[in-house]
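Novice: got a predicted structure here, sequence first:
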Amino acid sequence: TEDGINQPWHWITIPIMGMTMGEIFYLKDLAEDCASDKVYEFMFVAPAIPITGAVGSPTNPLAIK
């Protein structure tokens, strides 16, 4: 880790390297749809608004089957 930085993921990876991450997604409807048609492959996209140095952004996640 960098000296004086105790959370490199939040202080380096996200704002400096531009890595995006997501959490707390509601997936019940997707799970039910996958179970109903037995298709469990999909492309998941959740683009963030590109704000330089930001550590949070609204998003509109989509699962495309």
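Specialist: Happy to help now that I have it.
Novice: show me the contacts for residue 31.
Specialist: For residue 31, the contact set (CB atoms under 8 Å, 6 or more residues apart in numbering) is empty. For the C-beta atoms, the positions are set from N, CA and C on the backbone; glycine is no exception.
Novice: again, only this time at 10 Å
Specialist: By CB atoms under 10 Å, 6 or more residues apart in numbering, the contact list for residue 31 reads residue 40.
Novice: which residues in this structure form strands?
Specialist: Applying DSSP state E to the chain gives strands spanning 43-45, 62-64.
Novice: save those as a markdown table, and put in distance to residue 18 too.
Specialist: Formatted as a markdown table, the strands of the chain follow (distance: least, CB to CB, whole Å):
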| stretch | distance to residue 18 |
| --- | --- |
| strand 43-45 | 16 |
| strand 62-64 | 21 |
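Novice: show me what counts as buried in the longest helix belonging to the chain.
Specialist: The residue-count maximum for a helix in the chain (DSSP state H) belongs to helix 28-37. By neighbour count with 16 or more other CB atoms under 10 Å, helix 28-37 contains the buried residues 30, 34.
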